[in-house]
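[1] sequence and predicted structure below; questions after.
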Amino acid sequence: MLSHDNLTWITKALMDTQQEPKLTCGGQERSVSYLPLAHISEMIADIYLPILIGSTVYIAQPDTLKEKGSLRHTMKEAKPTFFFGVPRVWERMKTMVDEHVANSNNPIVKQCFRWGTKRDHPESGWQYAIAKITVFKQVQKKAGLHMCKHIFVGSAPMHQATFEFFKSLNISILELYGLTECSGLHSINFKSATQSKPKSCGKQLNGVETNIIKCGVDEHNCGEVLIRGRHVFMGYLGMEKETREAIDDDGWLHSGDIGYRDDVSKAFTYRCEIMQANIQDNFLYITGRIKELISVSTINPNPIENRIKTEIPFLSNVVVIGDNREFLTCLLTLKCTTNDDGETTDNLQPQVIKMFKKLDSHCRKVSEVCDTKDKAVFQEIADGIGRYNMESGARQVY
């Protein structure tokens with residue numbers, strides 16, 4: 001249950017916390033509504049915030065999130081000045097850009113794209129400058145993002161490679177963090193150099209509190225993230241027991257998320273004693289969920305999964321399992337296309353087929369890889385996992 005005060009307060013807190021370039025009142029701002037309005041992020045971004053600042057909201061068509069949906073057309077028409085995208089939207093945009101460049105008959109476009117998206121390429125170099133003029137500005141316009149002051153992602157983790165891809169296109173996607181139980185928002189990054197850090201969920205909003213408690217994970221000072229403030233919900237309707245489990249006697253909301261802050265110098269107190277520290281300038285990082293911890297040795301699988309996906313870029317999902325097992329195992333899926341209903345197909349994504357060709361594999365379907373046990377693909381997967389094991393030392397985390 002969220003009160004009217006919860007929602008109006010969090011909207012005002014967002015405006016009070018924001019950094020340059022700021023959203024302004026008076027009708028100049030524009031946004032695109034495409035998620036269900038029952039979604040807390042959509043409710044704040046496209047109902048309460050527009051009411052507060054008097055902005056214009058463009059309503060997307062029902063087919064927006066389908067494989068060939070109309071979101072990009074709505075974006076080009078609306079030219080939003082701020083935009084919130086769930087990871088699925090950004091992954092789809094990335095796929096569209098990759099396919100557009102791959103299908104282009106213009107060798108200059110392809111070369112400029114390769115120049116600009118090299119991870120080790122300096123952004124001040126002349127090659128990047130040419131790519132920015134000839135390709136990246138056009139990509140921003142085609143995506144409808146060229147007028148955006150702030151571009152956000154939230155609601156679920158997004159792969160770091162996707163952040164880096166859009167960053168190389170001169171599109172900075174800023175991560176935020178929140179739960180429905182805290183009115184959808186608790187910490188946020190802004191464009192300012194002092195107000196954003198890669199891989200972080202930003203700084204807490206003005207007027208809220210954050211604490212970390214020990215929860216069995218001794219990894220980079222990680223613990224459960226606790227939240228307190230006027231944005232914390234009233235409770236679960238008709239579920240008093242669950243409400244008491246979520247909000248303790250001191251008013252702290254137990255998020256169930258594992259995280260840490262980067263500038264905390266004081267040592268953790270053990271078990272569930274709350275660590276007191278000045279966190280005014282701290283950035284919050286979320287690394288996983290308590291319920292996802294592998295009980296064999298309290299291992300957090302999320303960093304492992306993310307690292308394997310980085311090592312093997314043609315994987316769409318990695319799920320590490322280990323409960324009641326002597327060793328960890330992972331389930332892997334390949335990146336494939338989806339149909340108009342958002343269901344996965346047997347066809348591999350174009351960029352995956354391109355990667356496979358470099359491995360001397362001619363597979364174009366997931367079934368072909370599995371049925372033939374393609375040696376090149378299987379070896380690349382084994383090598384990627386091997387690189388992770390070497391880097392981590394395959395050590396246990398207690």
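    Everything's here; your move.
[2] for the rest of this, base every contact and every neighbour count on C-alpha atoms.
    Will do.
[3] and stretch 40-51, how far out from the chain's middle?
    Mean-position distance between stretch 40-51 and its chain equals 20 Å (CA atoms, centre = their mean, to the nearest Å).
[4] neighbouring contacts of it?
    Residues outside stretch 40-51 that contact it (CA atoms under 8 Å, 6 or more residues apart in numbering): 7-8, 11, 31-37, 55-57, 84, 155, 180, 183-185.
[5] mind redoing it with 7 Å?
    Thr8, Thr11, Ser33, Leu35, Pro36, Leu37, Thr56, Val57, Thr180, Ser183, Gly184 (CA atoms under 7 Å, 6 or more residues apart in numbering).
[6] for that stretch, the averaged confidence score.
    Mean pLDDT, stretch 40-51: 91.
[7] for Cys370, the count of nearby residues, please.
    Counted by other CA atoms under 10 Å, the residues lying close to Cys370 total 12.
[8] who touches stretch 235-247?
    Here stretch 235-247 has contacts from Met1, Leu253, His254, using CA under 7 Å, 6+ apart.
[9] rerun that using 10 Å as the cut-off
    Outside of stretch 235-247, the residues that reach it under the criterion CA atoms under 10 Å, 6 or more residues apart in numbering are 1-3, 181, 226-228, 232-234, 251-256.
[10] any of those residues buried? List them.
    Neighbour counting over those (16 or more other CA atoms under 10 Å) leaves Leu2, Glu181, Leu226, Ile227, Arg228, Val232, Phe233, Trp252, Leu253, His254, Ser255, Gly256 as the buried ones.
[11] any chance of those residues in CSV, plus secondary structure, distance to Ser192 and pLDDT?
    Listed next are those as CSV, based on DSSP: H, G, I helix; E, B strand; the rest coil; distance: CA to CA, whole Å; pLDDT from 0 to 100:
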residue, secondary structure, distance to Ser192, pLDDT
Leu2, coil, 31, 94
Glu181, helix, 28, 95
Leu226, strand, 26, 94
Ile227, strand, 25, 95
Arg228, strand, 26, 94
Val232, coil, 27, 95
Phe233, coil, 30, 95
Trp252, coil, 30, 95
Leu253, strand, 29, 95
His254, strand, 30, 94
Ser255, strand, 28, 91
Gly256, strand, 30, 88
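[12] show the contacting residues for Ile133.
    Cys112.
[13] sec struct for it, please.
    Using DSSP: H, G, I helix; E, B strand; the rest coil, the secondary structure recorded for Ile133 is helix.
[14] before we move on, what about Val32?
    strand.
[15] nearest spatial neighbour of it, chain-adjacent residues omitted?
    Nearest non-adjacent residue to Val32, counting by CA to CA, 6 or more residues apart in numbering: Tyr58, 4.7 Å away.
[16] strands paired with the helix or strand in which the one you found is found, and their directions?
    Assessed by DSSP states H and E, Tyr58 sits inside strand 56-59. Partners of strand 56-59 in the sheet, by DSSP bridges, are strand 30-33 (parallel).
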